[in-house]
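Asker: Please work out how this folds:
(one chain, ligands or ions: 1)
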Amino acid sequence: MAKNSRTPGTATKTTKIHDQTLVRGTGGELHQIAEGDAPVLTTAQGAPVSDDQNTLKYGERGPSLIEDFHFREKIFHFDHERIPERVVHARGYGAHGYFETYKSLAKYTRADIFQRAGEKTPAFVRFSTVAGSKGSADLARDVRGFAVKLYTQEGNWDIVGNNIPVFFIQDAIKFPDIIHSVKPEPDRGFPQAQSAHDNFWDFISLTPESMHMVMWVMSDRAIPRSFRFMEGFGVHTFRFLNEKDESTFVKFIWKPKLGLQSVVWNEAVKINGADPDYHRRDLWNAIQAGDFPEWELCVQLFDQDFADSFDFDILDPTKLIPEEIIEPIPVGRLVLDRMPDNFFAETEQVAFMTQNVPPGIDFSNDPLLQGRNFSYLDTQLKRLGSTNFTHLPINAPKCPFHHFQQDGHMAMRNPVGRANYQPNSWGEGPRENPQRGFRSFRDEVEGPKVRLRAESFADHYSQARQFFISQTVHEQKHIAMALTFELSKVETPVIRERMISHLLNIDEGLAETVAEKLGMKDLPKPADAAITPRDDLPASDALSIIKNGPESFAGRKVGVLVSDGADAALIKALAAALKKEGATMEIVAPRIGGVEDTEGNVVEGDHMIDGGPSVLFDAVALIVSNEGAQRLAGEAAARDFVADAFAHLKFVAYVKAAAPLLEKAGIALDDPDEGLIAISSSRDAGAFVAACRNLRVWAREEVVKL
Ligand code: HDD
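Answerer: Have a look, this model is predicted:
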C-alpha cells in the first residue's frame, strides 16, 4: 500500500513536527506526507467523516439527533479519557534511553543484563514527586521518584527507587498511614503537594522511625534543580544470585554525571509560580537539544558476614550503608536520549513493579520491600483497568515471552493453537526450564508467626544525626529553615513540641534553633528513645549535595537580561563561552520581539522579563545600555530579576552601564562580592562562566539572610 494512501484505516494519526505533517502507519511507523495530503478523518470504526464542526440537527436551529454516531462516539471517548491517577507519585515525567553494561558481573549475578561488557539494554525512566496530584507543581518540597524499567533479554527489571536512600517507615503496613497523612487533609481537601500541615507532622512526630528520612526531606535533596542533577537509590537491600545460586547482597545507586544540584527554598516557591513544569521542561529541553542526561549505576556489594557485623540491620529501609564503609562500584551507565511520542501512552501507562526482577536478582526480607511486591501489581489493575496491562507496548517485555495467560479485558494477544495449558499431549506451547528460569535464594527461615518489629530496627536517631553532621554549614542551615517553615504551618502546639523533642535526640543545636525560630519559650524533654542512640557515627561526605556538586557548568543555563543598545560583541562572547562549557543561555528582554544591539541587529527575546524571572536560571548576566538600565530600574519585574538572582546566591555578570539597575535592586557595587562579576570583554565572559562552576556564592548567604 502506498505510504501516502488516503484509504481510511491505513493511517491512524497525523502529527505536526517541525512543520512537517507526519502520518503514523498501522505498524506505528511515521511517514512524512506533503502539506494538504492529510488522510481523511474517520471514526474509530474507520468510517470517513464529512463534517467535524457541526452536530447532526433537525433543521438549522433544531435539536440534535441521537443517530449522530460520529458525535456520540467522539464525546463518549472523550468522557472516558481519564484513568485514575497514581495514588502516590501521580505527577511524573518519563524518557526513553538505554543502559550500557561496563563489565561482566557473572561472578556475582547470572542476570543477563550484567553478563557482557558493552551490551546496551533499552530503558524507560519515570521521575516523579510523591504527594502532589497529577497537575501539581514540580518544585514541591518532596521526595522524587526515580523509577527505571530495564527491558532485559530475560524479562523486565524495574528498579523503583527514589532520590533519597532511606524511607519513612520500616513496614509496608504503615504505607497507607504515612501517605494519608501527607496528602490533602480529608475534611478540607488541602494543602496540595505539601507536607507543611498538621496531619503530616502529627504522624511523623508519632513515628520515630521516620526521623532519618525526615532529615533528608528537610534538606535540599527535596528541592532538586533538575531531574538531571539528582541521585537515585533502590533503597532496599537486594540479592545478586550467580549461576551456583550463591548470594551477594546489593544496594543500587544512580549517580548523575552532571553532579548534584538543588535550588533554595525561596527560589522553589517562586519557580512553582513562574514555571510549574520546570523539571519536565528541563528534561524535555535537554533531550531535544541532544544533551542527553546520564547516570552511572553503582552497586554496594556485601556478604552475610558484613551484614551480621554492620551497626544496623541491612533489612531496615530507614538505614543506609555509608559509601565510606562500602564503596559503590560503577557497573554501567544509563543514558536518556528520547522523549516518548505520547505522554499518556508511555509515561502515564507505564507500570513499574518492584517484583519485576529477572533471574539473578532476588529480594531480601526487608518488610517494606516484601509489602511493595504486593502493592505494585495490585495498583496497576486499578489504574490501567485490566490484567492485560502487560500488553501495552510500554510495559511489554522486549525479549521473547511465552505463557498461557489469556482473555480478560482488552486482550490484544492470546495463545494460538489448541493447547492453552501444560503439560499437554499436543506437543504445543512453552515449558518451564529449571536451568534458565528464575530461582529464589534458598533462604533458611524459622520462628513463630508474629507481628513484631525486630529489635535490630530500633535505633531511630543515630543515622539521622550522621546525616545532619555530614552536611556543610549552609546545608545544615537549610535543614533548620525547612523545619522551621514546615512547623510554622502546624497549628497544633503539641505537634511542634513533639518534633522538637525528636530533634533534641538528633542535634541539640538544630533543635534549639528551630524552637527559637518558632518562638517556643521552653524546650521540651528529649523524646523517649527505644534504644540509646550510638556515639556519633563518622560524617559521610557522600551525604552532602554541596560536596558532590558539578565540576563544570555544563547542562546549566544563564538568563541574559538585555535592553536596546546592548553590547553585541559581549552577547556573542558570552554565548560562545557558554557553548564551550556545554551550557546554554536565554535572552530576557523588555519585549518578546527583542531589542536592537550596538551593531543594529535585533536580539530576539526568549522571554519577556515577567515571563523569565531569574529563578529559572542558574546564573544571570545583565548586558544593557545605560539608558536601558535606567528604564529597567523603574520596572518591578526587572528589579526582582536582579534582586532575586542576588538573594538566591547566583553569579551575576554585569556591564558597568547596568549600575543604575543594580542599585535600584538594592545591590551596592562599592564592595562587590566574588559573585558579582563586571564584564566587558570575551575574556571576562570566559571568567564569568568559569566562576559559575561553583553554582552559588555560598558566602553571600550570611549577607542576604535567605
Ligand atoms: Fe511506591 C509508586 C518508589 C514504598 C506503593 N513508588 C511508586 C513510584 C515510585 C515509588 C518511584 C512511581 C513509579 C512510577 O513512576 O510509575 N515506593 C517507592 C520507594 C519506596 C516506596 C522508593 C520505599 C523504599 N510504595 C512504597 C510502599 C508501598 C508503595 C511501602 C505500599 C505498600 N508505590 C506504591 C504504589 C504505586 C507506587 C501504590 C503508585 C503507582 C504505582 O505504584 O504504580 O503501588
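Asker: thinking Pro256 is in contact with Ser226, fair?
Answerer: No: Pro256 lies out of contact with Ser226 (Cβ atoms under 8 Å); the separation is 9.1 Å. All C-beta spots, glycine's among them, are computed from the backbone N, C-alpha and C.
Asker: Would you mind listing where this protein has pLDDT under the threshold?
Answerer: Within the chain, the ranges that satisfy pLDDT under 70 run 1-36.
Asker: If we use 80, what do you get?
Answerer: Residue ranges of the chain with pLDDT under 80: 1-37, 533, 706.
Asker: Contact residues of it facing the ligand?
Answerer: Within reach of the ligand by Cβ under 6 Å from any ligand atom, the chain has these residues: 86-89, 92, 126, 128, 145, 147, 160-162, 167, 172, 175, 235, 317, 350, 352, 368, 371-372, 375-376, 379.
Asker: which ones among these are found in helices?
Answerer: Phe175, Leu368, Gly371, Arg372, Ser375, Tyr376, Thr379 (DSSP state H).
Asker: which residues does the fifth one contact?
Answerer: Contacts of Ser375 were listed using Cβ atoms under 8 Å, 6 or more residues apart in numbering, and they are Ala172, Phe175.
Asker: Also the first one?
Answerer: Neighbouring residues of Phe175 by Cβ under 8 Å, 6+ apart: Ile169, Gly371, Ser375.
Asker: got a list of what the residue of the chain found nearest the ligand touches?
Answerer: Using Cβ to the nearest ligand atom, the single residue of the chain nearest to the ligand is Gly145, 2.7 Å away. When contacts are counted by Cβ under 8 Å, 6+ apart, Gly145 touches His89, Gly92, Arg126, Phe127, Ser128, Thr129, Val130, Val160, Gly161, Asn162, Asn163.
Asker: partner residues bridging the nearest residue to it once chain neighbours are set aside?
Answerer: Excluding the flanking residues, the one nearest Gly145 by Cβ to Cβ, 6 or more residues apart in numbering is Ser128, at 3.6 Å. Beta-bridge pairing for Ser128 (DSSP bridges): Gly92, Gly145.
Asker: In this protein, which residue is most central in space?
Answerer: Phe127 (3.4 Å; Cα atoms, centre = their mean).
Asker: Please tell me how far the nearest residue to that one once chain neighbours are set aside sits from Gln380.
Answerer: By the measure of Cβ to Cβ, 6+ apart, the closest residue to Phe127 outside its immediate chain neighbours is Phe227, 4.3 Å from it. Remark: distance between Phe227 and Gln380 (Cβ to Cβ, to the nearest Å) = 23 Å.
Asker: cool, Gln476 as well?
Answerer: 41 Å.
Asker: about what we covered before: of the contacts of Gly145, which is the most crowded?
Answerer: Within the contacts of Gly145, most neighbours by other Cβ atoms under 10 Å means Phe127, with 28 neighbours.
Asker: So Ile164 lies in a helix, does it not?
Answerer: No: under DSSP: H, G, I helix; E, B strand; the rest coil, Ile164 falls outside any helix and is assigned coil.
Asker: Give me the spatial nearest neighbour of it, chain neighbours excluded.
Answerer: Computed as Cβ to Cβ, 6+ apart, the closest residue to Ile164 that is not its neighbour in sequence is Trp216, at 4.6 Å.
Asker: Show me where the stretch 51-200 of the chain has its helices.
Answerer: In chain order, the stretch 51-200 of the chain shows helices spanning 69-79, 175-182, 198-205, with DSSP state H, counting those that start in this stretch as the criterion.
Asker: Next, format those helices as JSON lines and append distance to Asp618.
Answerer: Shown next, in JSON lines, are the helices of the stretch 51-200 of the chain (distance: least, Cβ to Cβ, whole Å):
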{"stretch": "helix 69-79", "distance to Asp618": "41"}
{"stretch": "helix 175-182", "distance to Asp618": "30"}
{"stretch": "helix 198-205", "distance to Asp618": "31"}
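Asker: Of those helices, which stretch is the most buried?
Answerer: Each of the helices of the stretch 51-200 of the chain was scored by mean neighbour count; the highest is helix 198-205, a mean of 21, by mean count of other Cβ atoms under 10 Å.
Asker: how about the residue nearest to Phe127, phi and psi?
Answerer: phi -60, psi -30 (degrees, to the nearest 10).
Asker: Identify the residue nearest Arg436 in space, chain neighbours excluded?
Answerer: Nearest non-adjacent residue to Arg436, counting by Cβ to Cβ, 6+ apart: Pro359, 7.1 Å away.
Asker: so that neighbour sits in a strand?
Answerer: No: counting by three-state DSSP, Pro359 is not part of a strand but coil.
Asker: Quick check: the residue nearest to Gly145 touching Gly94?
Answerer: No: Ser128 lies out of contact with Gly94 (Cβ under 8 Å); the separation is 9.0 Å.
Asker: Now flag whichever of the contacts of Phe175 is closest to Val450.
Answerer: Closest to Val450 out of the contacts of Phe175 is Gly371 (16.1 Å), distances taken as Cβ to Cβ.
Asker: The closest one and Asn365: what is the separation?
Answerer: 11 Å.
Asker: burial measure for Met339, as a count.
Answerer: Using other Cβ under 10 Å, Met339 is surrounded by 18 other residues.
Asker: what's the residue nearest to Leu369 when sequence neighbours are not counted in contact with, if anything?
Answerer: Closest residue in space to Leu369, ignoring its immediate chain neighbours: His236 at 4.3 Å, by Cβ to Cβ, 6+ apart. Counting by Cβ under 8 Å, 6+ apart, His236 touches Lys251, Pro317, Phe363, Ser364, Asp366, Leu368, Leu369.
Asker: By neighbour count, which of those residues wins?
Answerer: Counting neighbours by other Cβ under 10 Å, Pro317 comes out on top of the contacts of His236 with 28 neighbours.
Asker: which SS class is the closest residue in space to Thr109 that isn't next to it in sequence?
Answerer: In space, and not counting its chain neighbours, Thr109 is closest to Phe240: 3.7 Å by Cβ to Cβ, 6+ apart. What three-state DSSP gives for Phe240 is strand.
Asker: Which strand residues bridge Phe240?
Answerer: Judged by DSSP bridges, the bridge partners of Phe240 are Thr248, Ile361.
Asker: Now do the same contact list for it.
Answerer: Here Phe240 is in contact with Leu105, Tyr108, Thr109, Ala111, Ser247, Thr248, Phe249, Val250, Leu301, Gly360, Ile361, Asp362 (criterion: Cβ under 8 Å, 6+ apart).
Asker: Buried only: go through those residues for me.
Answerer: Buried members of those, counted by 16 or more other Cβ atoms under 10 Å: Leu105, Tyr108, Thr109, Ala111, Ser247, Thr248, Phe249, Val250, Leu301, Gly360, Ile361, Asp362.
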